[in-house]
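Colleague: give me a model of this one.
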Amino acid sequence: MNGAQSNAFLPIAAMMFMAGIGIPVFAAFNSALSKQLGGPIAATAVTFAVGLVIALVAVAITGFPARSAFTFETPHIWFGAIFMLFYATSVAFAAPRIGLGNAIFFVLLGQIVAAAAIDHFGWLGAIQSALTPKRLLGIAVMALGLYLARKPA
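Modeller: Numbers count the residues shown, from 1 in each chain. Down below sits the predicted model:
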């Protein structure tokens, strides 16, 4: 990392740590909303509607993108919304059935595997970072940790 990157690393890492805290908190809230509304699809619709209102207010404050920015030259980048929709709905469905911890542990395992593959191949514009034996060992240790954390006593 160069100087500018290293100065920005800790605040960004702290932000991502907080985002990580938000994932199970969101899952718990969306799961409870699913119970209240009678299903994960309704809960996810409400969650996204509230999120849309907040995002529109934020973009109204920070500035709307130019109309020319909304192109489909790279259509795959628009699929992020589908993946987020799938996550929100599946966690609202799974958490009441297998427990919040188990649901999130499997989400984390999926994130670790996907992140390693995306980094290794440089997919989706990611900075390429080879999957070395050391990184593979680290991933295996994290996967083992997740297994042990979710395994009943």
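Colleague: only C-alpha atoms for contact and neighbour calcs from this point on.
Modeller: OK.
Colleague: what about Val53, how many residues close to it?
Modeller: 11 (other CA atoms under 10 Å).
Colleague: I'd like the distance from the helix or strand hosting it to the chain centre, please.
Modeller: Assessed by DSSP states H and E, Val53 sits inside helix 40-62. Relative to its parent chain, helix 40-62 has a centroid offset of 16 Å by CA atoms, centre = their mean, to the nearest Å.
Colleague: that one: which residues count as buried?
Modeller: For helix 40-62, a neighbour-count test (16 or more other CA atoms under 10 Å) marks 40-44, 46-48 as buried.
Colleague: which single one of these is nearest to Ala58?
Modeller: Phe48 (14.8 Å; CA to CA).
Colleague: please report phi then psi for Gln111.
Modeller: Main-chain dihedrals, Gln111, degrees, to the nearest 10: phi -60, psi -40.
Colleague: from Ala117, how far out is it?
Modeller: 10 Å (CA to CA, to the nearest Å).
Colleague: neighbour count for the two, which is higher?
Modeller: Ala117 (16 against 12).
Colleague: element containing that one?
Modeller: Counting by DSSP H and E, Ala117 is part of helix 100-121.
Colleague: show me which positions of the next helix-or-strand element following that helix end up buried.
Modeller: Moving toward the C-terminus from helix 100-121, the next helix or strand (DSSP H and E) is helix 133-150. By neighbour count with 16+ other CA under 10 Å, helix 133-150 contains the buried residues 139, 143, 146, 150.
Colleague: am I right that the third one is in contact with Leu109?
Modeller: Read it as Leu146. Yes: if you go by CA atoms under 8 Å, Leu146 and Leu109 touch, sitting 7.2 Å apart.
Colleague: before we move on, back to that, check which helices and strands the helix holding Val53 sits against.
Modeller: helix 3-37, helix 80-98 (3 or more CA pairs under 8 Å, 6 or more residues apart in numbering; DSSP states H and E).
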